[in-house]
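S.K.: Take a look and give me a structure for this.
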Amino acid sequence: MRLNDLKPNPGAKKDRKRVGLGISAGQGKTAGRGTKGQASRTGEGPRLYHQGGNLPFFRRLPFMRGEGFTSINRVEYTEINLLELNRFAAGTEIDPEVLFEAGFIRKAGAPVVILGDGEINVALKVKVHRISKSARAKIEAAGGSVEIL
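M.R.: Below you'll find the predicted structure:
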């Protein structure tokens, strides 16, 4: 088998319908668009969601429009898993500044949450904005301490 032997299965490819090429073609004159009216013209039809004079559905609904309401007070946490903290030496004090210098977070003042994925085998003093229950339990079981900022 060579590349030039490859071809699609029979019936997998179908030629496009060439319309408007005379009466013998079967799609001549009006080219399958019918006669007159909005659908026969180029650039056919009104905009998307047009409901022909009805008050459009999305305007009938109550407010809070858009893809999804996003709170302006939302806090975006930088997530860090426990297994990533194993690279620090025992007794190290972990806070957002230390994590920033180590390259775990992009912004120095960004709020940090520690999640409980993985195991930890060094005792660390962790100071973060949020921590999951399982992560707190694993840190304290390893001899470390947790403080919420």
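S.K.: Can you give me the neighbour number for Ile120?
M.R.: The criterion is other CB atoms under 10 Å. On that basis, Ile120 has 23 neighbouring residues. Any C-beta I mention is one placed from the backbone N, CA and C, and that applies to glycine too.
S.K.: Mind telling me what element it is part of?
M.R.: Counting by DSSP states H and E, no helix or strand carries Ile120.
S.K.: Okay, helices next: where are they in the protein?
M.R.: Remark: helices assigned in the chain by DSSP state H are 57-60, 96-101, 133-141.
S.K.: which one of these lies closest to Leu82?
M.R.: The stretch from the helices of the chain with the least distance to Leu82 (CB to CB) is helix 133-141; that distance is 5.4 Å.
S.K.: Export the helices of the chain to TSV and append columns for mean neighbour count and mean pLDDT.
M.R.: TSV is the format used below for the helices of the chain (neighbours: other CB atoms under 10 Å; pLDDT from 0 to 100):
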stretch	mean neighbour count	mean pLDDT
helix 57-60	9	80
helix 96-101	16	89
helix 133-141	16	90
